[in-house]
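>>> Fold the following, please.
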Amino acid sequence: MATLRRSLGVPGLVIHYVTSVVGVGILILPGHAAAEAGPLSLLAWALLIIYSYPLALTFARLSGQYPSARGIAGFVGSAFGERAGRWVGAFLVLSLLIANPVLGLAAARYLLNMWEPDPSDLKVVLLGLVIMVGSILFNLFGVRTSSLVQGAVLVTLITFLVVVMIIAMPSADSAHLTPFAPHGMSSLGAALIVCFFGFIGWENAAPVAEEVVDPARTFRKAIALAVFVIGFLYLAMAATIVLVVPPGTAEGSQITAFTTLLRIVSGETMSQVGGVVAVVLLLLATNAWVLGTSRVIYSTAREGLLPAALTKISARRGVPYLALFSLIAGYGVPVGLLAVTGSTEERLITATSAAFLLIFLFTFLAAHRLLTGRGARACNAGVAITAAAMLPFFGASLVYAAVLMLLALLMVGRKQDVQTR
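Prediction:
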């Protein structure tokens with residue numbers, strides 16, 4: 001069977017981390033979290049940033065010791081047996097298929113917002129699907145080309161974001177911190193659900209581990225730099241939104257709060273520029289997620305849960321091209337459901353957060369068996385206990401996760417029945 005090429009070093013892996021995690025939420029989640037909990041949302045961000053380092057470190061250690069395109073499914077399979085691994089792999093595939101479109105939909109909303117202040121949800125859904133298809137086609141060029149292009153653009157965009165935050169801070173008003181919890185302390189739970197979505201992505205490097213040069217060393221070096229950059233950017237942007245944008249200003253358009261921020265501090269012209277930056281950054285994140293998800297599809301097909309044809313690799317580019325093309329249909333289902341029900345990407349955010357919290361818990365249980373060394377095991381125990389403690393905050397969102405878990409069980413059961421025959 002053809003194998004994936006090892007061509008990703010420390011710089012490329014850092015870029016993949018930053019685009020996977022920062023690009024997922026820095027422009028769409030701070031405004032959303034502030035709408036849910038006001039200034040109290042800053043506490044949610046701080047807690048999750050602190051939590052992200054040991055969480056990312058656990059994934060980095062697992063990826064370094066068990067480099068495989070199977071990622072999380074491979075970790076769980078090594079710890080608890082192949083049936084458990086296949087089940088978590090199926091659960092992960094379904095969760096990724098509802099998570100990835102959030103980025104394309106958010107990019108579409110920012111893009112349309114440049115011409116009309118309140119675009120219809122149907123327009124957002126249709127353009128969002130077009131963006132997802134474009135990202136799939138871009139990933140056909142291969143992981144090395146994708147990383148080089150994303151790296152060049154990412155440095156420029158992060159510089160722009162930092163400059164915007166510096167320019168905005170003179171407009172900060174400490175009065176916006178009062179009341180600190182306008183919706184009550186219980187709203188911290190709602191903010192945690194929103195903010196947690198922003199830290200989905202640390203596991204996204206695991207499926208590309210087969211393409212990483214010297215995984216044990218590369219993951220260890222990349223994670224330290226990535227955590228610092230990501231933590232700074234998230235907290236700085238969240239604080240800027242809370243301190244500069246007056247409470248209630250972005251109500252109803254919290255997904256595009258970044259352009260509201262620019263409109264306040266620099267006028268309409270700069271808000272249009274900010275919209276372009278937002279779209280490009282979201283496109284980078286979309287590319288990183290499509291890359292990781294295609295590898296999960298590829299590895300799941302290798303396990304027999306999906307058609308074997310999805311394991312075919314392009315001889316020229318070294319990419320699983322049929323796994324990439326299959327994402328067009330995979331993303332079409334959740335996007336189509338949004339169009340039919342008239343819902344927005346916010347519904348996908350809460351469902352994804354709950355699903356990934358459960359996936360992380362299963363991974364931490366596997367890490368308890370797989371990782372050696374007192375420090376590694378203590379770190380993993382800490383993130384596992386914290387993840388379990390967050391479960392009550394997710395409330396009804398866990399119902400969506402339970403549905404995905406049931407569908408994953410049915411997929412595994414069907415595979416078992418075929419093997420038995």
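
>>> hey, which helix is longest across the chain?
The helix that spans the most residues within the chain, counting by DSSP state H, is helix 268-302.

>>> Quick check: buried residues in whichever helix or strand comes after that one?
The helix or strand immediately downstream of helix 268-302 is helix 321-341, counting by DSSP states H and E. For helix 321-341, a neighbour-count test (16 or more other CB atoms under 10 Å) marks 321-327, 330-332, 334-335, 338-339 as buried. C-beta here means a position set from N, CA and C on the backbone, and glycine is covered the same way.

>>> now the stretch 251-400 of the chain, which segments are flagged as low pLDDT?
Along the stretch 251-400 of the chain, segments meeting pLDDT under 70 span 251-256, 270, 317.

>>> gap between stretch 55-68 and the chain center?
Taking CA atoms, centre = their mean, to the nearest Å, the mean C-alpha location of stretch 55-68 is offset from the chain mean by 17 Å.

>>> Let me see the ranges of the strands in this protein.
With DSSP state E as the criterion, the chain has no strands.

>>> What helices and strands are in contact with the longest helix of the chain?
helix 10-25, helix 72-80, helix 82-113, helix 121-138, helix 143-168, helix 257-266, helix 321-341 (3 or more CB pairs under 8 Å, 6 or more residues apart in numbering; DSSP states H and E).

>>> how distant is stretch 28-39 from the center of its chain?
17 Å.

>>> Any figure for the gap between Ser174 and Phe180?
From Ser174 across to Phe180, the span is 11 Å (CB to CB, to the nearest Å).

>>> what about those two, which has more around it?
Taking neighbours as other CB atoms under 10 Å, Ser174 and Phe180 compare with Phe180 leading, 12 against 7.

>>> which residues touch the residue nearest to the more buried one when sequence neighbours are not counted?
Nearest residue to Phe180 in three dimensions, chain neighbours excluded: Pro39, at 4.8 Å (CB to CB, 6 or more residues apart in numbering). Shown in contact with Pro39 (CB atoms under 8 Å, 6 or more residues apart in numbering): 176-182, 242.

>>> picking up where we left off before, relative to helix 121-138, how tilted is the longest helix of the chain?
Angular relation of helix 268-302 and helix 121-138 on a 0 to 180 degree scale: 60 degrees, by axes from the mean of the first three to the mean of the last three CA atoms, to 10 degrees.

>>> from the chain's centre, how far out does helix 268-302 sit?
How far helix 268-302 lies from its chain's middle: 9 Å, per CA atoms, centre = their mean.
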